[in-house]
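> predicted model, plus sequence, below.
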Amino acid sequence: RQSKNSGKMSMTPLEGLIKEGTKHLSGTSEATIQSIDAVKKLAEMLRTSLGPKGMNKLVQNHLEKLFVTNDAATILKEIEIVHPAAKMVELAAHMQEQEVGDGTNLVIVLCGELLQNAEALLRKGVYVSDIINGFLLAEHKSYEVLEELIVHTLADIKNVEEVTKCIKSALASKQFGYEDMLASLIAKACVEVLPQNPNSFNVDNVRVAKILGGGVSDTTVIKGHVLARDAEGTIKHVQNAKIAVFASGLDISKTETKDTVLLKNATDLLNYSKSEEKKMEELVGQIAAAGTNVIVSGGAIGEMAMHFIERHKMMVVKTPSKFELRRICKSVGATPLARLGGPTPEEMGSAASVSVEELGSTKITIFRQDKDRSGISTIVVRAATPNTLDDIERAVDDGVNVFKGMIRDGRFVAGAGATEIELSRKLQAYGDATPGLAQYAIRKFGESFECIPRILAENSGGKVTEMLAGLYASHGKGNIYDGVDVTEGEIRDAREMGILDLLLTKQTGIRLATETAVTILRVDQIIMAKRAGGPKPPQQGPTDADD
């Protein structure tokens, strides 16, 4: 048998089989309990960030960049978790972020609570297989109970007021105090870019432009695209814009080979660049003749080209990012051209206006649209510090993802911990009616849901024991939508408070938390290879975070 984990590797059945320095843990006392402890520590760290009154974490990553946020997905991404069991919970939270875009903290906290309750059963001598069986039975039962607790169904996805009401709760947990204002802006931005078939809605069509200065209340939504840079020439405003987009720069291409030019007199010197000028004037003339009055360039703009563009009174915008260029094309309906010359009517884009405006000390170029449906909608976020800007951006991202989830399934359950208390009651009653050892695991699964209202009460500074007892008593009388009012520190109907949680978020969160807990419980051996020295290999992926 291997002794308790120590710095040196003791004699194990794997001695001589695996590389020296490899860590090997086996059995319930070592592998399972240690994995549960790692997940519990992770859940304890993040539980204080749950809910509207959740605390922020100040994280400094390996690149010394500071993050001040209560967003669990961001915190997990920036801290480097090494324990394999905790890493699995991180992956589950990442999956929740990918699938729903909200509820990452729910997955981590619930998984930690499930494993803590499983540990209590293991110490009492209940077999792992019985615990897993009970957890899976309780998981399926919880979906049935959730279906009975639906309080609201979104009738019209194009109704801005109704959408605002539905996404407000998701934003309150990230930016408490600003949720009303942000919810209306996000709802307006999402509805503006909603295609004829709502199922093909793309979250990337709602952009965020972060402009330092002002306050959060100065945040606005613009129908169209916002580029955080100035125009190149002297023309800064164009109405009824006809836009040509060139992927390459606007300059005379250089020859591939080097050569020598012999100039014999002054006339030769004067005529030397005439043909080049003539060619450039001809190309710019073709662009202007097509009706273009705004040029977007993906590369450098030569001085000669700039001279002729100014002569034809055309506005020039330069963007070195190919991703930004792609978004401008989507916003105005243009085709990026690789050749230099006059665009065809099909290749040109249009906008109601293209103008340069100044916000704070930042000049921005706005491609405004007045059509009912715009290709891209931009939320211009204002705040006093870069960290606040980043946090508002994350809140906007969560709101847009909830809107996407509402398109898939527009059903909502009561928030404020009301649904969790009712799930806890129903599952504990279901456990009592189930024969065999699985009933203990079902009861513990139900008790795990208590953690959400308990944490909400803790973070709001309320009396936790009294509030939980009051919630159970209230639900026992039939008030199944009563939850925690974090502002007043009392029990109130979640429907009256307007706190609604997306059913899809709850279902996915419960599924991922249960699957992760069951996977960790099934592990009876952990084998960790010695970490390799030297620099880490660069991560392969998109060069642009928005891609």
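Great, that's in hand.
> where do the helices of the stretch 401-547 of the chain begin and end?
Using DSSP state H, counting those that start in this stretch, the helices of the stretch 401-547 of the chain run over residues 418-432, 438-448, 451-459, 464-476, 494-497, 503-521.
> and the angle for the first one with helix 438-448?
In this case it means helix 418-432. 170 degrees (axes from the mean of the first three to the mean of the last three Cα atoms, to 10 degrees).
> what packs against helix 418-432?
Contacts defined by 3 or more Cβ pairs under 8 Å, 6 or more residues apart in numbering; DSSP states H and E place helix 418-432 against helix 128-148, helix 438-448, helix 451-459, helix 464-476, strand 482-485. Yep, even glycine has a C-beta here, placed from its N, CA and C like the rest.
> below-threshold pLDDT in the stretch 151-300 of the chain: ranges please.
Residue ranges of the stretch 151-300 of the chain with pLDDT under 70: 252-256, 273.
> how about the helices in the stretch 201-350 of the chain?
Using DSSP H, counting those that start in this stretch, helices in the stretch 201-350 of the chain cover 266-272, 274-289, 303-311, 322-332.
> wait, which of the ones you listed is closest to Leu512?
helix 322-332 (30.3 Å; Cβ to Cβ).
> below-threshold pLDDT in the stretch 1-150 of the chain: ranges please.
Residues of the stretch 1-150 of the chain that meet the cut-off, pLDDT under 70, sit at 1-30.
> just put the helices of the stretch 401-547 of the chain in TSV and tack on distance to Tyr127, mean neighbour count and mean pLDDT.
Shown next, in TSV, are the helices of the stretch 401-547 of the chain (distance: least, Cβ to Cβ, whole Å; neighbours: other Cβ atoms under 10 Å; pLDDT from 0 to 100):
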stretch	distance to Tyr127	mean neighbour count	mean pLDDT
helix 418-432	17	23	87
helix 438-448	10	24	87
helix 451-459	25	24	85
helix 464-476	30	16	84
helix 494-497	39	18	83
helix 503-521	10	23	89
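> between the ones you listed, which gets nearest to Thr365?
helix 503-521 (36.9 Å).
> list the contacts of the residue nearest to Gly213 when sequence neighbours are not counted.
Computed as Cβ to Cβ, 6 or more residues apart in numbering, the closest residue to Gly213 that is not its neighbour in sequence is Gly360, at 2.8 Å. Gly360 sits next to 211-214, 382 when contact means Cβ atoms under 8 Å, 6 or more residues apart in numbering.
> what's around Thr48, how many residues?
16 (other Cβ atoms under 10 Å).
> surely it and Ala72 touch.
No. Counting by Cβ atoms under 8 Å, Thr48 stays clear of Ala72, with 11.0 Å between them.
> how near is the nearest residue in space to Leu471 that is not next to it in sequence to Ile452?
Using Cβ to Cβ, 6+ apart and skipping the chain neighbours, the partner closest in space to Leu471 is Ile421 (4.8 Å). Computed as Cβ to Cβ, to the nearest Å, the Ile421 to Ile452 distance reads 8 Å.
> now Ala231
51 Å.
> quick check: Thr164 vs Ala187, distance?
Counting by Cβ to Cβ, the gap from Thr164 to Ala187 is 4 Å.
> tell me which of the helices and strands packed on helix 418-432 sits nearest to Gly112.
Per Cβ to Cβ, nearest to Gly112 of these: helix 451-459, 8.1 Å.
> packing partners of that closest one?
helix 104-123, helix 418-432, helix 464-476, strand 482-485.
> possible to save the ones you listed as JSON lines with distance to Leu171?
Shown next, in JSON lines, are the helices and strands packed on helix 451-459 (distance: least, Cβ to Cβ, whole Å):
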{"stretch": "helix 104-123", "distance to Leu171": "14"}
{"stretch": "helix 418-432", "distance to Leu171": "19"}
{"stretch": "helix 464-476", "distance to Leu171": "24"}
{"stretch": "strand 482-485", "distance to Leu171": "17"}
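> Val89 is nearest to which of the ones you listed?
Of all these, helix 104-123 comes closest under Cβ to Cβ, at 5.4 Å.
> in PDB, list the C-alpha atoms belonging to the closest one.
Extracted in PDB, the C-alpha atoms of helix 104-123 (Å, rounded to 0.1, in the frame of the first residue of the first chain):
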ATOM      1  CA  THR A 104     -20.800  29.600 -14.500                       C
ATOM      2  CA  ASN A 105     -20.800  30.300 -10.800                       C
ATOM      3  CA  LEU A 106     -23.900  28.100 -10.300                       C
ATOM      4  CA  VAL A 107     -22.000  25.100 -11.900                       C
ATOM      5  CA  ILE A 108     -18.900  25.500  -9.600                       C
ATOM      6  CA  VAL A 109     -20.800  26.200  -6.400                       C
ATOM      7  CA  LEU A 110     -23.300  23.400  -7.000                       C
ATOM      8  CA  CYS A 111     -20.600  20.900  -8.000                       C
ATOM      9  CA  GLY A 112     -18.600  21.800  -4.800                       C
ATOM     10  CA  GLU A 113     -21.800  21.300  -2.600                       C
ATOM     11  CA  LEU A 114     -22.600  17.900  -4.300                       C
ATOM     12  CA  LEU A 115     -19.100  16.600  -3.700                       C
ATOM     13  CA  GLN A 116     -19.100  17.800  -0.100                       C
ATOM     14  CA  ASN A 117     -22.400  16.000   0.600                       C
ATOM     15  CA  ALA A 118     -21.000  12.900  -1.200                       C
ATOM     16  CA  GLU A 119     -18.000  13.000   1.100                       C
ATOM     17  CA  ALA A 120     -20.300  12.800   4.100                       C
ATOM     18  CA  LEU A 121     -21.900   9.700   2.700                       C
ATOM     19  CA  LEU A 122     -18.600   8.100   1.800                       C
ATOM     20  CA  ARG A 123     -17.400   8.600   5.400                       C
END
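> what's the spacing between it and its chain's center?
Remark: helix 104-123 is offset 25 Å from the chain centroid, using Cα atoms, centre = their mean, to the nearest Å.
> swap in stretch 257-277?
57 Å.
> quick one, what contacts the residue nearest the centre of the chain?
When Cα atoms, centre = their mean is applied to the chain, the residue found nearest the centroid is Asp397 (4.9 Å). Applying Cβ under 8 Å, 6+ apart to Asp397 gives the contacts 101, 203, 208.
> got the phi and psi for the nearest residue to the second one once chain neighbours are set aside?
Once its chain neighbours are removed from consideration, Val203 has its nearest residue in Val400; the separation is 5.0 Å (Cβ to Cβ, 6+ apart). Backbone dihedrals for Val400, given as degrees, to the nearest 10, come out at phi -70, psi -40.
> what about Gly177, which SS state?
When classified by DSSP: H, G, I helix; E, B strand; the rest coil, Gly177 comes out as coil.
> hmm, Ile452 is touching Asn105, no?
No. Judged on Cβ under 8 Å, Ile452 makes no contact with Asn105 at a distance of 9.7 Å.
> now, of the helices of the stretch 201-350 of the chain, which is deepest in the fold?
helix 322-332 (a mean of 20; mean count of other Cβ atoms under 10 Å).
> show me what that helix packs onto, helices and strands only.
Secondary elements touching helix 322-332 (3+ Cβ pairs under 8 Å, 6+ apart): strand 220-227, strand 237-246, strand 349-359, strand 362-368.
> CSV for those strands, including distance to Leu283 and mean neighbour count?
Shown next, in CSV, are the helices and strands packed on helix 322-332 (distance: least, Cβ to Cβ, whole Å; neighbours: other Cβ atoms under 10 Å):
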stretch, distance to Leu283, mean neighbour count
strand 220-227, 24, 22
strand 237-246, 11, 19
strand 349-359, 19, 18
strand 362-368, 23, 20
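> so which of those strands is nearest Asn265?
Comparing the helices and strands packed on helix 322-332 by Cβ to Cβ, strand 237-246 comes nearest, at 37.7 Å.
> list the contacts of the closest one.
287, 290-299, 315, 325, 328-329, 332, 334-337, 340, 343, 347-356, 367.
> and if we set it to 6 Å?
287, 291-297, 315, 329, 332, 334, 336-337, 343, 348-351, 353-355 (Cβ atoms under 6 Å, 6 or more residues apart in numbering).
> centre of the chain versus that strand, how much separation?
That offset, for strand 237-246, works out to 32 Å (Cα atoms, centre = their mean).
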